[in-house]
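Peer 1: Provide a 3D model corresponding to the input given below.
(chains A, B, C and D)
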There are 2 protein chains.
Amino acid sequence: MTDNLPITDAEREVMDALWERSPLTSGDIVQAIQGHTDWQAKTIRTLISRLTAKGMVQYRKQGRRYYYAPAIAREEFLQRKSHKFVQTFFKGKVAPLVAAFAEQESLSREDVEQLRKLIDSLDASGDKS
Amino acid sequence: MTDNLPITDAEREVMDALWERSPLTSGDIVQAIQGHTDWQAKTIRTLISRLTAKGMVQYRKQGRRYYYAPAIAREEFLQRKSHKFVQTFFKGKVAPLVAAFAEQESLSREDVEQLRKLIDSLDASGDKS
DNA sequence: TAATGTTGATTACAGTCGTAATCCATCGAG
DNA sequence: CTCGATGGATTACGACTGTAATCAACATTA
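Peer 2: Got it, this is the predicted structure:
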């Protein structure tokens, strides 16, 4: 449940394309990614293969075309990634992360505002012990 | 400045030992780590070598003994790691991370409390734009 | 002093990752 | 029908990682 998500940095580029819009053909994915990187089409197709091999991307053959789609929602991915990160580096407590982040980065006013709203709503609704 | 910190997961175990207390001899580090892992001493020494090679751990020879110490403070490491993480996955905004984290993990009451205190103090002191 | 242990240095070795290229079957353009 | 383009499958290859083992120099112990 709190498992590893076997998606590497480069592979995440493919996931991002698919999270943006899916299903897509490999050609679509290549186009999307080549819009902001200089990766070879071959490279991108390799990433797609690896992701399907790892079960993080699904595909359906329709006739001879392959349509690719994410096998995991972006939200779930982010949640699991975040959970793991906070576990690994902050003993599971998110406040110290925010503190560390704030300390040198200086959160933007907007960020602080959003955080306040967030914890207000958390305080209000039932928070788990 | 917002560079990569070349410390792998396994290597971080060594850093943790040194952040806990330093300087330490390699024997000390081995002992500390073997307290809660089953890694071979050889493995741990390899990690130490790699860290010194990468400049993340410094050492001084005193006579024939080597004393090892972190070349980077834990705080700085955590800050840079966190910054990178938030950049990579949340476009640099920390609030959405907390939100994502909260959504399923349910922050503990304690965590929420600390967050509130934190943003209160942030609101009070000069926050950067 | 001879055997053994400690420790840094060097080497090993398979798996993953970034970054492709090659192979092969099929499809669309002439 | 022939030839290049397309796309999935397979192979490549060096760097980095996890996980050590071997080597060599010095130290300790019997």
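Peer 1: can you list contacts of stretch A:86-97?
Peer 2: A:2, A:85, A:100, B:9, B:78, B:81-82, B:94, B:97-98, B:101-102, B:107-108, B:110-111, B:114-115, B:118 (C-beta atoms under 8 Å, 6 or more residues apart in numbering or on different chains). Every C-beta, even on glycine, is put in place using the N, C-alpha and C of the backbone.
Peer 1: within reach of DNA strand D, which of those residues are there?
Peer 2: residue B:9 (C-beta under 7 Å from any atom of the strand).
Peer 1: quick check on the contacts of stretch A:86-97: which are buried?
Peer 2: The neighbour count (16 or more other C-beta atoms under 10 Å in any protein chain shown) marks A:85, A:100, B:78, B:81-82, B:94, B:97-98, B:101-102, B:107-108, B:111, B:114-115, B:118 as buried among the contacts of stretch A:86-97.
Peer 1: out of these, what pair is the most spread apart?
Peer 2: The largest separation in the buried ones among the contacts of stretch A:86-97, counting by C-beta to C-beta, is between B:81 and B:108 at 22.2 Å.
Peer 1: anything in the helix or strand that residue A:19 is a member of near DNA strand C?
Peer 2: Using DSSP states H and E, residue A:19 falls within helix A:9-20. Yes: residues of helix A:9-20 contacting DNA strand C under C-beta under 7 Å from any atom of the strand: A:9, A:10, A:11.
Peer 1: and which of these is nearest residue A:26?
Peer 2: So of these, ranked by how close each gets to residue A:26 (C-beta to C-beta), first place is residue A:11, at 13.9 Å.
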